[in-house]
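# Have a look at this prediction, sequence included:
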Amino acid sequence: MPTESPIAQRWEVLHETLDERQRRLLVGVEAKVLGRGGISAVAAATGVSRVTIMAGISEIEAMKSADLAEDSTTAPKVQGTRQAGGGRKKIETKDETLLPDLLALLEPSTRGDPESPLRWTCKSLRNLADEL
């Protein structure tokens, strides 16, 4: 007999195949179906934050109200999760001299095989950041 709840079993099967929005909607639906105490139960079963579950419930309610306001013959619009090119840019693209400068700082105190990509140094991250 399985010891996991059905919610946890469904989550284990599905969560890796869903994007962020779909995950929020899934946990929101699960919590809404359970009713009172559903948010806590889903949070315990899936490990998802209660805030995320509440956001999923809000999105479901917003979709319901949008569906009621629109003509039922039109299909709902599918939107992407993230904007193309969104997110933090790599620091190497902002400062092209960063990697050569860092290697120059590490070179005098580097230990180990010079052919290996693994580098050993006695300098701390804080000291390296201050020197850069």
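On my side now, so go ahead.
# C-alpha from now on. contacts and neighbour counts both.
Will do.
# In space, what's closest to Gly38 - neighbours in sequence excluded?
Counting by C-alpha to C-alpha, 6 or more residues apart in numbering, Gly38 lies nearest to Ala31, which is 4.2 Å off, once chain neighbours are set aside.
# Please report how far the one you found lies from Glu59.
For Ala31, the distance to Glu59 equals 13 Å [C-alpha to C-alpha, to the nearest Å].
# So for those two, which residue has more residues nearby?
Of the pair Ala31 and Glu59, Ala31 is the one with more neighbours under other C-alpha atoms under 10 Å, namely 23 against 16.
# ok, back up a step: could you list every residue that touches the residue nearest to Gly38?
For Ala31, the set of contacting residues under the criterion of C-alpha atoms under 8 Å, 6 or more residues apart in numbering consists of 37-39, 41-42, 53, 57.
# Flag the shaky bits of this protein, pLDDT-wise.
In the prediction, the chain carries residues with pLDDT under 70 at positions 1-3, 68-82.
# I'd guess Gln22 is in a helix, am I close?
Yes: for Gln22, which was evaluated using DSSP: H, G, I helix; E, B strand; the rest coil, the result is membership in a helix.
# For Arg119, see how far away the residue positioned nearest the centre of the chain is.
Centrality entry for the chain: nearest residue to the mean C-alpha point is Glu20, 7.0 Å, by C-alpha atoms, centre = their mean. Distance of Glu20 to Arg119, computed by C-alpha to C-alpha: 36 Å.
# got the CA positions of the strand or helix carrying the residue nearest to Gly38 in PDB?
Assigned by DSSP states H and E, Ala31 belongs to helix 20-34. Written as PDB, here are the backbone C-alpha positions of helix 20-34 (Å, rounded to 0.1, in the frame of the first residue of the first chain):
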ATOM      1  CA  GLU A  20       6.200  27.200 -14.100                       C
ATOM      2  CA  ARG A  21       2.700  28.400 -15.000                       C
ATOM      3  CA  GLN A  22       1.400  24.900 -15.400                       C
ATOM      4  CA  ARG A  23       2.900  23.800 -12.100                       C
ATOM      5  CA  ARG A  24       1.100  26.700 -10.400                       C
ATOM      6  CA  LEU A  25      -2.200  25.800 -12.000                       C
ATOM      7  CA  LEU A  26      -1.800  22.100 -11.000                       C
ATOM      8  CA  VAL A  27      -1.200  22.900  -7.400                       C
ATOM      9  CA  GLY A  28      -3.900  25.500  -7.400                       C
ATOM     10  CA  VAL A  29      -6.400  23.100  -8.800                       C
ATOM     11  CA  GLU A  30      -5.400  20.400  -6.200                       C
ATOM     12  CA  ALA A  31      -5.800  22.900  -3.400                       C
ATOM     13  CA  LYS A  32      -9.100  24.200  -4.700                       C
ATOM     14  CA  VAL A  33     -10.500  20.600  -5.000                       C
ATOM     15  CA  LEU A  34      -9.600  19.800  -1.400                       C
END
